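Novice: model this:
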Amino acid sequence: MGLFCLAAPAARAQTVTAGPDSVQVQAGPTVADSLRRNQRLLGWRVTRPQKATILAAVLPGAGQVYNHKYWKLPLVYGALGGTVYGEIFYFSRYIEFRDGYRARLKRSSGEDPNAVDPGPTTGSHSGNTAIYPYTPQGNANQFNALRFYRTQRDVFFAYIGLAYGAQILDALVDAHLHDFDVSDNLSLNVQPYALPVPGSPSFGLAFTFTPRTAAKSVVPRRF
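Specialist: Predicted structure coming up:
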């Protein structure tokens, strides 16, 4: 506990000196570049992650372009395009089977004995009387198909939301990691040590992990 109390004042501030005869200056807390409001968006000062998130939310893929991750654009538009295509397909089939089922109900109830399913008659469309004949069983089968297309319509609508949110999250994470150092400019020193313990000695290993000064400075990129 005594060692912790002695080390606590040193943890609150960092002493910086410019030379042997310089005056000691207390440096403030270090702020990551990703948290600095050094970017501008429509006249507002924002952080890099904020700008990437807003751009991705307004236009899918714009956050990836801002982060210079152009190779992700096919993935973004592929995911969004595929889910939108599936939504359009299942929504159109749902509308077709809904209108066809309503016409069949009018026909079977006697409200309109001449009501005909307006759907196309080819393939598995609702108007194919070979698959969905004007019988109670045919009407039940068509209702099951109607429920299937309605469920798929809702599922693909959720997929669109997931794809849209995923590309926003990707832009946010990339912006936070924009200045993260992933180089080999690190050092690890492993050496044995002896810990003095009253009565008997104790041995172990000491791991020292030290980042070295980068050889070149990182130049911020602007959008």
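
Novice: which residues of the protein fall in strands?
Specialist: 14-16, 25-27, 39-41, 44-46, 186-195, 202-211 (DSSP state E).

Novice: What strands flank the fourth one, and is each parallel or antiparallel?
Specialist: Counting by DSSP bridges, the strands paired with strand 44-46 are strand 39-41 (antiparallel).

Novice: Pull out the buried positions in the strand it pairs with.
Specialist: Residues of strand 39-41 classed as buried: Gln39 (neighbour count, 16 or more other CB atoms under 10 Å). Glycine gets a C-beta too; all of them are placed from N, C-alpha and C.

Novice: residue contacts, Asn128?
Specialist: 119-122 (CB atoms under 8 Å, 6 or more residues apart in numbering).

Novice: now it: how far from Pro120?
Specialist: Between Asn128 and Pro120 the distance, using CB to CB, to the nearest Å, works out to 8 Å.

Novice: cool, and Val58?
Specialist: Counting by CB to CB, the gap from Val58 to Pro120 is 39 Å.

Novice: same question, Tyr101
Specialist: 15 Å.

Novice: who has more neighbours, the two?
Specialist: Tyr101 (20 against 12; other CB atoms under 10 Å).

Novice: what's the pLDDT at that one?
Specialist: Looking at Tyr101, its pLDDT is 92.

Novice: how close does Gly127 get to Gly138?
Specialist: 12 Å.

Novice: Measure how buried His68 is and give me the count.
Specialist: Neighbours of His68 (other CB under 10 Å): 11.

Novice: can you check Leu80 too?
Specialist: 18.

Novice: for it, what are its contacts?
Specialist: 60, 160, 163-164, 167.

Novice: Out of those, which sit inside helices?
Specialist: 160, 163-164, 167 (DSSP state H).

Novice: what about the closest residue to Glu111 other than its chain neighbours, neighbour count?
Specialist: Leaving aside its sequence neighbours, Glu111 sits nearest to Leu105 (CB to CB, 6 or more residues apart in numbering; 7.9 Å). By the measure other CB under 10 Å, the count of residues near Leu105 is 14.

Novice: With Arg107 instead?
Specialist: Applying other CB under 10 Å, we find 17 residues neighbouring Arg107.

Novice: before we move on, the earlier item: return the member of the contacts of Asn128 nearest to Phe156.
Specialist: Gly119 (20.5 Å; CB to CB).

Novice: quick revisit: of the contacts of Leu80 - the most surrounded one?
Specialist: Gln167 (24 neighbours).
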